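*Asks:* the following block contains a protein sequence and its predicted model.
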Amino acid sequence: MDLVHLRYFETIARCGSISAAARGLRLSQPTLTVAMKHLEEHLGTTLFLRGRAGVSLTASGDELLRDAAEIFALVERTEQRILGLEAEEVGSFVIGCHESLGAYFLPGFMSAFLRAAPRIEVSLWNGTSTAVAEAVLARQVHYGLIVNPRPHPELVLVKLFFDAMDLFIATSNDDEKKAAARGKRRKRTTTSTAAADLDAAEHRLRTGRLIYAGRVAQCQELINRLAALGLLPTQMLACGDLELVKSLALAGLGVALLPRRVAAYGQPGKLRRLHPSLPFIPDTICLAYRADMHKTRAARRLKDELVAYGKRLEA
């Protein structure tokens with residue numbers, strides 16, 4: 001149905017005559033007559049009864065007039081909403097990320113952003129970094145926080161901050177005492193002392209239990225590096241996610257493979273690196289979004305705030 005013809009119909013019905021409607025619309029009477037003929041033919045009905053005093057609505061015309069009011073109200077609401085999306089900070093968006101990355105990134109970001117931009121709605125989508133990238137490409141997710149993303153011609157990747165998959169153990173009272181003692185004698189530390197510390201760390205790694213998240217690619221990469229160096233423990237405990245790995249490590253069940261930021265958040269000082277000379281896997285955390293994403297004012301605000309918050313984490 002042609003909305004212009006529907007608007008002509010509504011004006012004729014309101015004015016009570018085609019001539020009066022033509023004057024109001026600044027159109028010729030024959031133009032309106034032809035338009036109504038086309039509308040009646042399209043609907044397969046008669047809308048007006050024409051007489052010397054003007055026109056009156058048929059039953060079909062009455063029904064169409066009621067619906068026309070709803071149609072024009074819907075069109076107006078839609079226009080206002082679309083104009084608002086372009087000119088105002090209004091909209092709904094989905095942020096995707098791995099659960100463990102989100103656990104230390106999202107609480108601080110969300111609490112500040114939702115207070116500052118209350119008309120922007122944000123929901124969350126969780127999965128591996130590979131799954132998040134695929135969800136962004138499929139337009140299921142607007143912005144993805146991705147670890148070590150692969151370049152893609154349809155994705156914009158913005159580097160936010162760095163991390164590393166590393167080896168961690170629970171901190172004991174003995175560890176704290178040893179750390180304090182090392183601090184006092186740091187100037188007297190010899191090469192042989194540092195080597196002894198590394199030997200002790202390697203021995204603990206070989207003879208202990210290694211806890212890791214089986215679905216995280218960086219864990220498998222680090223395991224391969226440990227195996228190549230002959231440092232792989234005989235006891236291996238694979239878990240479903242990094243949060244469980246962290247909990248088991250805090251319980252003292254073995255050496256854990258964890259991103260440094262995941263090990264640190266929520267439990268400061270409770271986990272420590274096994275040794276700085278042991279292998280680790282560097283990570284780059286990026287913000288990803290589609291290159292052809294419709295950048296409304298709200299979309300730009302959300303993107304800018306995500307980037308700014310991520311950059312502050314690196315500082």
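*Replies:* Right, received. Where do you want to start?
*Asks:* ok, Pro32 - contacts?
*Replies:* Check again: residue 32 is Leu, not Pro. Tyr8, Ile12, Ile18, Ala21, Ala22, Leu25 (CB atoms under 8 Å, 6 or more residues apart in numbering). (Glycine included, C-beta is placed from N, CA and C.)
*Asks:* please apply the same query to Phe162.
*Replies:* Residues counted as contacts of Phe162 (CB under 8 Å, 6+ apart) are Pro282, Asp283, Thr284, Ile285, Glu314.
*Asks:* and Gly310, what does it touch?
*Replies:* Phe105, Leu145, Leu160, Phe161, Ile285, Leu287.
*Asks:* just say helix, strand or coil for the first one.
*Replies:* Think Phe105. Here Phe105 is helix, with the state taken from DSSP: H, G, I helix; E, B strand; the rest coil.
*Asks:* pretty sure it contacts Glu314?
*Replies:* No. Look at Phe105 against Glu314 with CB atoms under 8 Å: they stay out of range, at 11.9 Å.
*Asks:* the two: who's more crowded?
*Replies:* Phe105 (23 against 11; other CB atoms under 10 Å).
*Asks:* not counting sequence-adjacent ones, nearest residue to the more buried one?
*Replies:* Leu145 (6.3 Å; CB to CB, 6 or more residues apart in numbering).
*Asks:* hmm, that neighbour is touching Ala103, no?
*Replies:* No. Using CB under 8 Å, Leu145 is not in contact with Ala103; the gap is 11.5 Å.
*Asks:* neighbour count: those two, which is higher?
*Replies:* The neighbour count for Leu145 versus Ala103, taken as other CB under 10 Å, is higher for Leu145 (24 against 17).
*Asks:* and the more buried one, what element?
*Replies:* Element membership for Leu145 (DSSP states H and E) is strand 143-147.
*Asks:* what lines up beside that strand in the sheet?
*Replies:* strand 91-97 (parallel), strand 281-290 (antiparallel) (DSSP bridges).
*Asks:* give me the contacts around it.
*Replies:* Strand 143-147 has contacts (CB under 8 Å, 6+ apart) with 93-98, 101-102, 105, 129, 132-133, 135-136, 157, 160, 163, 218, 259, 283-289, 302-303, 306, 310.
*Asks:* buried ones among these?
*Replies:* Neighbour counting by 16 or more other CB atoms under 10 Å classes 93-98, 101-102, 105, 129, 132-133, 135-136, 157, 160, 163, 218, 259, 283, 285-289, 302-303, 306, 310 among the contacts of strand 143-147 as buried.
*Asks:* mind listing the helices in the chain by residue range?
*Replies:* In the chain, the helices defined using DSSP state H lie at 3-15, 18-25, 29-43, 59-87, 99-116, 129-137, 173-184, 191-207, 217-228, 242-250, 260-264, 297-314.
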